[in-house]
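> Give me coordinates for this.
(2 chains)
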Amino acid sequence: MSVSNLLENWSKFRHTHPVEDKGVPDWEAYPSEIKWAMAIDLDACTGCNACSVACYAENNLPVVGKEKYSHGQAMHWMRIERYWDENDGQFVADQGARFLPMMCQQCEAAPCETVCPVGATNHTEDGLNSQIYNRCIGSRYCSANCPYKVRYFNWYDYPSTKDVWPSPLNEQLNPDLTVRGKGVMEKCTFCKQRTYTARNNAKTEGREVKDGDVQTACQEACPAGAISFGNLHDPESRVAKQWQSQQVELAKEKQEKDEKEGNRLRGYRILEELRPYPSVMYLERVRESAV
Amino acid sequence: MGKDIREDIAWAQINRDVLKSLESPRKLYWVIIFAAMLVFSVGVGCEIYQYNTGMGVANLDNPHVWGLYIATFIFWIGMSHSGTLLSAILHLMHADWRKPIYRFAEAMTTFSLMTAGLFVMVHLGRLWQFYYAVPYPNERWTWPNFQSPLLWDAMAIFTYLSSSVIFLYVGMIPDLAICRDHLHPGWRKKLYTLLALGWEGTDRQWRNFRMTYLTVACFLIPLAVSVHSIVASDFAMSQQPGWHVTSFPPYFVAGALYSGCAAIITLFIILRYVFRFEEYMTLPILKKTVRLTFAIAMVWTYLNCIEFASVWYSHDQVAKDVLIQKATGTYAPFWWAMIFCGSVVPFAMMVKKWQTNIPVMFAVSLLLNLGMWLERWMIVSPTFSHGYYPWTWDHNQWPSMIQWGIVFGSFGWFTLLFMVFCKVFPSVSMYEVKEMVYHRSLELKKKELAAKGAN
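Reported below is the predicted structural model:
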């Protein structure tokens, strides 16, 4: 974040979406060939938490323990939320819970990015909302302004805490990325270490990144295959196809629902109306009987 | 009602009385200093523990990432505003009555800003890296993010603090010269000699002094308004329900003046007793301050209503839910206490008998301060308990003893700085009180002459 960048690109910052800015409604105007995105099929999700566990293992997340967890100081970058159907204020127990895997939505106009005093959180070329741990001073303004509350703060010095990775868990710490120290804000990165490796490999081989080159840890672990991840700019990718078939577009503010018979459109993004333009699309769960 | 400042008081008497405060305060002074040190050391202990262990010991969590630290930060920033109001705005308006009490109000401004600055530091997760927020030229050419209201905050506070210190110092120069001329040799004499800048009271010096003082005063007023508007921007510029309100900047400025005035009444009463300033900090002055505070209290109440009304009629369901949750949820006792202390208690200041009743006014001013502190807390915390996202709903959090300890300690730090200041520097402006007495005696003489003429 330099002064010249601020002055020259002022109009780009908050008011308009990079896609809208050029007046072109497709991905050609996007500054990079790659735009990572995700789609999660809630109909397939069984709430088994495998994604969450895989995320812990892949990203060296500290296991804070029961006490700190109950204090709301958990570090799960990915959490499974449970919702119950309500009928006249009564929970409909026999329907079971709905599950919603929640992680950083990698917003295009991220509310967290504008407010960080030191510019520790900013936007990457491949459309991710990144966090520079070294730069973070821990003001927690980003978290305060995040509508999804998916940023996790290192409340303690976990690396030097005894029971965070009890043996043999410490043997499986991922050497590809850091263990964050106290006072730093962290969050889901769409497994940046994996996407970067995939990009570098493709570059070495002199080709573009193909669909399937990279899988996030949560995607890999999901037994139901509910999560798909890939390049939204690649029309052949599974993610792009899902987004397109559900008529969800990155720059859209509100997903139009097809309320007619069949209800084919079940894609939506969470809190779209706040215009953070999240990069994660959810596919609604289909119920056999309406409540 | 008590007596106002005597018109026939001798100038040498004024010097003597004020200079005496630098040497022999009542015993209560030492009790206060001792208590303040004790309270401050509690805060220091808590901070050291938090620094070593991590912010987790404050019992903050996700989503409650901010807590008492930010609330108390706004409180101290707010408290600083009435120093400027009394000394700069009333100076430009030629309000005579401010003269005996503006010096300590300015000192209050400076020290409460310093305390607020501490909270910016205390709340950081990585305090040792705070300088990343300072725009300094560096090898990697990385700058802070100029879009962030938090950065505007840092700049605004720094500007306001430095200007306030200059204002306080400039206004004190003639008095420092008096101290220099009257005190026995020692470290103090050396200090005053240095700070008085060779003041002799010549015509030219007075002219330059008046000009400088006026310029700094004019500079300070918009600054004071902007500082608290920017603090309000920390919230209003975000998109969280309960914070994203257009009326926040004026609301914050009114709240700041309000809490500042309440603090002035508290300190007025303490100083008056501790330093035997009964002759100068008179009851008619207290009465005027009380009336001013009441007027500002009503402005604050009005803006509070505006905020609720605009949320209520906005059809913004989430913001509305936050408001309802404030009034009925876990924070309800504190929220209603804020309404009571901020909007109901001030009516006690309308009772004429009480306006000059010292114990009553002392209690009222403490209640007002409590109300204003609660107001800041009620701005910060409830939004986290009921944001946009259902995952955060009804997630309540109570500050840990560490957090309370640091907030508590900040009051000790402020009191310590303030009390030391009052013992080292004249907390009643001698030269301005003399002016005041002179003008009043002139008016009195005019009246006498007119009366004789009529006869």
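> which SSE is the nearest residue to residue A:48 once chain neighbours are set aside in?
Once flanking residues are discounted, residue A:48 sits nearest to residue A:223: 6.7 Å by Cβ to Cβ, 6 or more residues apart in numbering or on different chains. Glycine gets a C-beta too; all of them are placed from N, C-alpha and C. Assigned by DSSP states H and E, residue A:223 falls within no helix or strand.
> Quick one: residues contacting residue A:223.
A:46, A:48, A:50 (Cβ atoms under 8 Å, 6 or more residues apart in numbering or on different chains).
> contacting residues for the closest residue to the last one other than its chain neighbours?
Of all residues beyond its chain neighbours, the one nearest residue A:50 is residue A:221 (4.4 Å), with distances taken as Cβ to Cβ, 6+ apart. Taking Cβ under 8 Å, 6+ apart, we find residue A:221 in contact with A:50-51, A:53-54.
> 10 Å instead?
A:48-55, A:57-58, A:215, A:227 (Cβ atoms under 10 Å, 6 or more residues apart in numbering or on different chains).
> Look at it and report its pLDDT.
Residue A:221 is assigned 95 on the pLDDT scale.
> How about the one 4 residues further on?
Here, the pLDDT recorded for residue A:225 equals 93.
> Please give the number of neighbouring residues around it.
10 (other Cβ atoms under 10 Å in any protein chain shown).
> next one: residue B:219
Residue B:219: 14 neighbours (other Cβ under 10 Å).
> Kindly indicate whether the closest residue to chain A within chain B is helix, strand or coil.
Minimum separation of chain B from chain A (Cβ to the nearest Cβ) falls at residue B:125, amounting to 2.0 Å. Here residue B:125 is recorded as coil under DSSP: H, G, I helix; E, B strand; the rest coil.
> next one: residue A:229
When the rule is three-state DSSP, residue A:229 gets the label strand.
> pretty sure it is touching residue A:239, no?
Yes. If you go by Cβ atoms under 10 Å, residue A:229 and residue A:239 touch, sitting 6.4 Å apart.
> Export the helix or strand containing residue A:195 to PDB, keeping only CA atoms.
Using DSSP H and E, residue A:195 maps to helix A:192-204. Below are the C-alpha coordinates for helix A:192-204, written out as PDB (Å, rounded to 0.1, in the frame of the first residue of the first chain):
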ATOM      1  CA  LYS A 192      -2.200 -21.100  -0.400                       C
ATOM      2  CA  GLN A 193       0.800 -23.400  -0.100                       C
ATOM      3  CA  ARG A 194      -1.000 -25.800  -2.400                       C
ATOM      4  CA  THR A 195      -2.200 -23.300  -4.900                       C
ATOM      5  CA  TYR A 196       1.200 -21.700  -5.200                       C
ATOM      6  CA  THR A 197       2.900 -25.100  -5.700                       C
ATOM      7  CA  ALA A 198       0.300 -25.900  -8.400                       C
ATOM      8  CA  ARG A 199       1.000 -22.600 -10.100                       C
ATOM      9  CA  ASN A 200       4.700 -23.000 -10.000                       C
ATOM     10  CA  ASN A 201       4.500 -26.600 -11.300                       C
ATOM     11  CA  ALA A 202       2.300 -25.400 -14.200                       C
ATOM     12  CA  LYS A 203       4.800 -22.600 -15.000                       C
ATOM     13  CA  THR A 204       7.700 -25.000 -14.900                       C
END
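> Show the subsequent helix or strand relative to that helix.
Next in sequence after helix A:192-204, counting helices and strands by DSSP H and E, comes helix A:217-221.
> now the helices for chain A?
Along chain A, the stretches classed as helices by DSSP state H are A:3-8, A:10-13, A:18-21, A:50-58, A:66-70, A:111-115, A:141-145, A:192-204, A:217-221, A:238-245.
> same question but for the stretch 1-150 of chain B, I mixed them up
Taking DSSP state H, counting those that start in this stretch as the test, the helices found in the stretch 1-150 of chain B are B:11-21, B:27-53, B:68-79, B:81-84, B:90-92, B:102-122, B:149-182.
> Which stretches in the stretch 1-150 of chain A count as strands?
A:36-41, A:79-84, A:86-87, A:90-91, A:97-102, A:121-123, A:129-131 (DSSP state E, counting those that start in this stretch).
> Of all those strands, which one is nearest chain B?
strand A:79-84 (5.6 Å).
> what about residue A:229, how many neighbours?
So residue A:229, with other Cβ under 10 Å, has 24 neighbours.
> For it, list each beta-bridge partner.
residue A:38 (DSSP bridges).
> Quick check: residues of the stretch 151-291 of chain A near chain B?
Residues of the stretch 151-291 of chain A found near chain B (Cβ under 10 Å from any Cβ of the partner chain) are A:151-158, A:161, A:181-185, A:270-271, A:273-276.
> one step back: tell me the pLDDT of the residue of chain B closest to chain A.
In this model, residue B:125 carries a pLDDT of 91.
> Repeat that for residue B:134.
Confidence score, pLDDT, at residue B:134: 87.
> Look at it and say how many residues are nearby.
Neighbour count for residue B:134, taken as other Cβ under 10 Å: 15.
> again, but for residue B:356
Considering only other Cβ under 10 Å, residue B:356 is surrounded by 17 other residues.
> Can you verify my assumption that it contacts residue B:283?
Yes. Taking contacts as Cβ under 10 Å, residue B:356 lies within contact range of residue B:283: 4.3 Å.
> Over to residue A:173: give its phi and psi.
Dihedral pair for residue A:173: phi -60, psi 140, per degrees, to the nearest 10.
> list the contacts for the closest residue in space to it that isn't next to it in sequence?
Of all residues not flanking residue A:173 in the chain, residue A:60 sits nearest, at 5.3 Å (Cβ to Cβ, 6+ apart). Going by Cβ under 10 Å, 6+ apart, residue A:60 touches A:75, A:158-159, A:164-165, A:172-180, A:186.
> From these, which shows the smallest pLDDT?
Scoring these by pLDDT puts residue A:159 last, at 82.
> now the nearest residue to it once chain neighbours are set aside: how far from residue A:173?
Of all residues not flanking residue A:159 in the chain, residue A:179 sits nearest, at 4.8 Å (Cβ to Cβ, 6+ apart). The gap separating residue A:179 from residue A:173 is 7 Å, by Cβ to Cβ, to the nearest Å.
> And the two? Which one has more around it.
residue A:179 (17 against 13).
> Quick one: residues contacting residue A:38.
With contact taken as Cβ under 10 Å, 6+ apart, residue A:38 is in contact with A:101, A:103, A:105-106, A:188, A:190, A:216, A:218-219, A:227-230, A:232, A:239, A:242-243, A:278-282.
> go again using 8 Å as the cut-off
A:106, A:190, A:216, A:227-229, A:239, A:279-281.
> Dump those into CSV; add distance to residue B:14 as well.
Putting these into CSV (distance: Cβ to Cβ, whole Å) gives the following:
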residue, distance to residue B:14
A:106, 69
A:190, 72
A:216, 77
A:227, 80
A:228, 82
A:229, 79
A:239, 81
A:279, 71
A:280, 72
A:281, 76
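> any idea which of these is the one closest to residue B:230?
Residue B:230 lies nearest to residue A:106 out of these, by Cβ to Cβ, at 30.1 Å.
> So what's the residue count around the closest one?
27.
> is it true that it touches residue A:276?
No. Shown here, residue A:106 and residue A:276 do not form a contact pair, counting by Cβ atoms under 8 Å, at 9.7 Å.
> coming back round to it: what about the residue nearest to residue A:48, distance to residue A:44?
Residue A:223 is 9 Å from residue A:44, by Cβ to Cβ.
> same thing with residue A:228?
10 Å.
> repeat for residue A:138
In terms of Cβ to Cβ, residue A:138 sits 38 Å off from residue A:44.
> Just want to know which of the two has more residues nearby.
Each of residue A:138 and residue A:44 has its neighbours counted (other Cβ under 10 Å); residue A:138 has more, 24 against 14.
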